[in-house]
Structure formats: C-alpha cells, structure tokens
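Participant: Here is my input, please return the structure:
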Amino acid sequence: MKFNHSVHLDKDKCMGCINCIKRCPTQAIRVRNGKAAIIPEFCIDCGECIRICPHHAKLATYDPLSVMDDYKYKIALPAPSLYAQFNNLDDINIVLRALLKMGFDDVYEVSSAAELVSELSRKYIEDNMEKRPFISSACPSVVRLISVRFPNLIEHILPISAPVDIAASEARKRAIEKTGLPSEDIGVIFISPCPAKVTALSDPLGYEKSEVDAVVAIKDIYPVLLSHMKNSIDDEEDMLTSGKIGISWGRSGGEAGGLLIDSYLAADGIENVIKVLEDLEDQKFTNLDFIELNACSGGCVGGTLTVENAYVAKAKLNRLRKYQPVSRSHLDGKQLDKPYFEKEIEYTPVFRLGKSMKDSIAAMAKVSALLDKFPGLDCGSCGAPTCRALAEDIVCGRAHERDCIYLLRDYIHRISRQFSNLDSLSGIGGDYNDDYYGDDYIDDYSTDYVDDYNNPNESDYNKY
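Facilitator: Residues are numbered from 1 along each chain as shown. Model (predicted):
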C-alpha cells in the first residue's frame, strides 16, 4: 500500500534521541543506525513528533506562498484558528482585508462553511439516531487513526464533508460564476494550522479528490499579514460571513457546541483521543449523541503550523466570538456540491502481523516468546518505543534480538566466557594453539577481554 504523508525527517538534524519514538501515538518511529525513521503505514500525520523534537528534525511539507503565482485568480480559505494568532485583534475583518491586500482576489471563510456543516450535522444526527454516537470527521488525523486502528468504529464516523472541502467547493463555484475563468485558472488555497490537512489534500479519506489546490502554513502567512493589517481602515466593507458557531470550530468543543445539543463529548490531544476511542470501543460510553475529537491539544489552534500558544489562542478566539451573532451562514435550501462522503472509509490493517489470520496467530506466538526474553522496561534504547514494538519488528524482519541492549549484554558476557575458556583447548589439541596462534596468545587475549569488559573505566574496553 502507498501512503502519502506531510510529515518527514531531516536526517542531517536528527541526533538519534528517543523523544519522538516515545511520544508517537501510533509507534510509527524507530531509531536505527543513529537516525530516526518513520514507518509510513503507521503514521497519521498528527504532528506530535514535530512538536516534541528538540532538534527540529521533524518537518511538515506544505506549499510556499509563491504558489499564489501559479493561478490567475486566487482564493484564500482562512481557517478560524488564523484569527487567534494576533494580539489585540477585535475585528476579524482586519484579517480578511489584509488577505486581499497581500494578493488574494477573494476570501471564503472556512468558519462560514463550518456553520453550514453544523446545520447539516444537526439534521443528519436527528434522522439517524440509531447510529449514535457519531464521531466528528473534521480532523484528518483522527479519521485516519480510526481507519487503521479502530475498524469497529468506522461506522460511527459522521459522513459529512469537512468545512474546508465545502468552503473550497463553494468558493470555486462562486469564482467561476463571477469571473468566467476555467477551473484550472482558479487557485483555492487553504491557510492551515496543521500538516494533516496537507495529507488530506493529496490522499483524502471519504473523497475522490479534494477541491483545495494548495495548502500554506499559518506561520508563513502570519508575518506577511501583519504588515498589511496595520493599514486597515475601520469603515471598509464588512467581509465577515461567520458567527459564534463557525469561529468556535477553531478550538476544542466548538464543533460540538455548534450542534446545539447537550449529549456530547469533546477531547483534544492525540493521547486523549486514543483513550476515548479505546473506551468507546469497549462500550464504556452510553447516551452520547456526538463525539468531537481533535488530534492537537486545544483543537486546531494547537496545530504545529501556528505561531501562538494553543491555550492563549483559545482564549483569544473566545474573546473574538463574544459579540458575534450565533450564526451568519445558513443553508436556506442551498444545494451544496458534495456535502457528504463520496465513498466509504475502509479499514486499513497496517498493524496486522501476518497476511492471514493463521499467519497473525503464529506471529503473535513468536512475539510472546520474545517478550519472555526481554526485560519489559520499555526503555527505548533499542530504537523501538516498547519491548512489544521491538518484538513485532523482529518478527516482521525489521530488527534483531541483539538490538535489545540487555540481550546484547548477555551475548557479550557469553562470548567473553568462551574466549576465557579457549585456553582449555591446549589440553585437547596438544600444541595446536601454540603452533597456530603463537605462545600464550589465547590466554592473554581472553584475559584482557574479560578484564576490559569488567573494568571499562580502567581499560581500552571501547575498542572491543
């Protein structure tokens, strides 16, 4: 299987530390030969490794701002989390006008499309109560996590297009009507807080093809916008098309709040998300209508492509929405293009150890046997996050038993004992050792080896 990803490794910067392997939620990273490596089928592009790497060796792939030059007509799709990056902002119109001043021909708020999605979701949940609880499909990392690790929960994913996809479709349709240009001359550019949205562009789940043409990072566009925002005039045109519901989507709990229901759960941070999904799979939740899950702490404001602290940004977003109407965008009989998934999300068994059930059972028996040998410390010194992960790697042919430093130590002890006993061969082979190796060679070599091993600070042990 081929997997597209927006998170990659800069090997020149990687120091081989184990920070990333211990924090990766899907155990997608290994350290081999002093460098980290990402297992593509396990990665869900949550960006946790980018956030935790002290050497900045994990990077996100996205488009440069120069991608705007590739199109005759350029449309900006600002995520609501963009508004939370600026200090002392009291009018979102200032940001929207600045986007036009920096070169965009039109702006379509993703928060505006979010209000349409909220309305669609309310109606869908009301008509399909027997499928409760529904899981939000807005976070690509969460959807991908469910598709590879929680197959029993796939049927609970809300099959409604993400706000960015509806915004892109509506923005393109409006631009074609307004300009008469062909679709290929119109560039729909999403201003993203996270790398997962980049992956969703090239490898969408639930869609055949995304309507988004390019994705740029909030952190890249932020300094450019600042210079244009300084020249904003208060009495210019009001461009805002979203209210409290749409703007709130930028933080954890915003989507669930937009459904106007009480029976919901909202969790953020990928480790918390996994815990919720595990409990949901074990049927520990009852009487829930909706579950909102965000891979980033704080919601989209905590994405790795933002510039502001997630919790400060969340507070800013709460202040911005305070004096807004509940909603500015409504369906009102409007026919949306592709409001629902075009195809079903399928289970992708990337964590399966064998090609068949029989192979998997046999592989699990080998894993169990290996775990009996390992110390169970999950120290990460082997380059895998846990002893079980190392055992699975060995069974899959990606590692060796002696990658475990404890087994390696025992192996070295065993070899050293063999060397120390080699001099006994002289009693069996007569003058063989003297003739072949030279006088006292074996005795001296084995004694030195053991002494060096037992007293590394007083010897040349390292050369061995």
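
Participant: mind listing what residue 287 touches?
Facilitator: Contact analysis of residue 287 by C-beta atoms under 8 Å, 6 or more residues apart in numbering lists residue 263. (C-beta placed from N, C-alpha, C; glycine too.)

Participant: Count the neighbours of residue 112 for me.
Facilitator: Neighbours of residue 112 under the rule other C-beta atoms under 10 Å: 25.

Participant: where's it, which helix or strand?
Facilitator: Element membership of residue 112 [criterion: DSSP states H and E] is helix 110-127.

Participant: Return the distance of that helix from the chain's centre.
Facilitator: From the chain centre to the centre of helix 110-127 is a distance of 25 Å (C-alpha atoms, centre = their mean, to the nearest Å).

Participant: likewise stretch 140-156?
Facilitator: 13 Å.

Participant: Check stretch 167-175 too.
Facilitator: When distances are taken as C-alpha atoms, centre = their mean, stretch 167-175 is centred 28 Å away from the chain's centroid.

Participant: Residues contacting it, please?
Facilitator: 73, 75, 77, 105-106, 108-110, 112-113, 181, 183, 186, 188, 190, 210-212, 336-338.

Participant: In helices only, show me these.
Facilitator: Among those, the ones falling in helices (DSSP state H) are 110, 112-113.

Participant: Residue 229: which of these is nearest?
Facilitator: Comparing those against residue 229 with C-beta to C-beta places residue 110 closest, at 19.0 Å.

Participant: show me where the stretch 101-250 of the chain has strands.
Facilitator: Applying DSSP state E, counting those that start in this stretch to the stretch 101-250 of the chain gives strands spanning 106-107, 134-135, 186-192, 214-217.

Participant: mean confidence for the second one?
Facilitator: Average pLDDT, strand 134-135: 96.

Participant: Output the contacting helices and strands for it.
Facilitator: helix 110-127, strand 290-294 (3 or more C-beta pairs under 8 Å, 6 or more residues apart in numbering; DSSP states H and E).

Participant: Could you dump those into JSON lines with distance to residue 300 and mean pLDDT added?
Facilitator: Shown next, in JSON lines, are the helices and strands packed on strand 134-135 (distance: least, C-beta to C-beta, whole Å; pLDDT from 0 to 100):
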{"stretch": "helix 110-127", "distance to residue 300": "10", "mean pLDDT": "96"}
{"stretch": "strand 290-294", "distance to residue 300": "7", "mean pLDDT": "97"}
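
Participant: Determine which stretch of the ones you listed is the most buried.
Facilitator: Across those, averaging neighbours per residue (mean count of other C-beta atoms under 10 Å) puts strand 290-294 on top, at a mean of 26.

Participant: mind listing what the closest residue to residue 328 other than its chain neighbours touches?
Facilitator: Computed as C-beta to C-beta, 6 or more residues apart in numbering, the closest residue to residue 328 that is not its neighbour in sequence is residue 243, at 4.6 Å. Residue 243 is in contact with 115, 321, 324-329, counting by C-beta under 8 Å, 6+ apart.

Participant: Check residue 243 and give its pLDDT.
Facilitator: With respect to pLDDT, residue 243 scores 95.

Participant: coming back round to it: nearest to residue 6, out of the helices and strands packed on strand 134-135?
Facilitator: Here strand 290-294 is closest among these (C-beta to C-beta), at 17.2 Å.

Participant: helices or strands next to the helix or strand that that closest one is followed by in the packing?
Facilitator: Downstream of strand 290-294, the next assigned helix or strand under DSSP H and E is helix 310-321. The contact analysis (3+ C-beta pairs under 8 Å, 6+ apart) places helix 310-321 against helix 244-248.

Participant: Give the closest residue to residue 14 in space, chain neighbours not counted.
Facilitator: That would be residue 57: by C-beta to C-beta, 6+ apart, it lies 4.0 Å from residue 14.

Participant: So the one you found is in contact with residue 16, correct?
Facilitator: No - using C-beta atoms under 8 Å, residue 57 is not in contact with residue 16, being 9.6 Å away.

Participant: Now for these two: what residues contact both?
Facilitator: residue 36.

Participant: quick one: which of the two has more around it?
Facilitator: Using other C-beta under 10 Å as the criterion, residue 57 and residue 16 rank with residue 57 on top: 22 against 14.

Participant: what sits against the more buried one?
Facilitator: Residue 57 neighbours (C-beta under 8 Å, 6+ apart): 9-11, 13-15, 36.

Participant: These in strands, which ones?
Facilitator: The strands, defined by DSSP state E, take in 9, 36 from those.

Participant: And this structure, split by domain according to the record?
Facilitator: With domains defined by automatic domain parsing, the chain comprises 1-60, 65-128+156-250+299-321, 405-463.

Participant: Comparing these, which comes out most buried?
Facilitator: domain 65-128+156-250+299-321 (a mean of 20).

Participant: what distance separates the start and the end of that domain?
Facilitator: Counting by C-alpha to C-alpha, to the nearest Å, you get 28 Å between the two ends of domain 65-128+156-250+299-321.

Participant: mind checking how far it is from the chain centre?
Facilitator: 20 Å.

Participant: give me every residue that touches the nearest residue to residue 60 once chain neighbours are set aside.
Facilitator: Nearest residue to residue 60 in three dimensions, chain neighbours excluded: residue 195, at 3.8 Å (C-beta to C-beta, 6+ apart). Contact analysis of residue 195 by C-beta under 8 Å, 6+ apart lists 6-7, 45, 47, 50, 60-62, 304-305.

Participant: my guess is residue 324 meets residue 241, correct?
Facilitator: No - using C-beta under 8 Å, residue 324 is not in contact with residue 241; the gap is 11.2 Å.

Participant: Make TSV from the domains of the chain and add distance to residue 278 to it.
Facilitator: Listed next are these as TSV, based on distance: least, C-beta to C-beta, whole Å:
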stretch	distance to residue 278
domain 1-60	12
domain 65-128+156-250+299-321	14
domain 405-463	30
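
Participant: Out of these, which gets nearest to residue 144?
Facilitator: Set against residue 144 and scored by C-beta to C-beta, the domains of the chain come closest in domain 1-60, at 4.5 Å.

Participant: For residue 18, give me phi and psi.
Facilitator: Main-chain dihedrals, residue 18, degrees, to the nearest 10: phi -110, psi 20.

Participant: hang on, isn't it packed against residue 384?
Facilitator: No - Residue 18 is beyond contact range of residue 384, at 9.3 Å (criterion: C-beta under 8 Å).

Participant: Alright, calling it a day.
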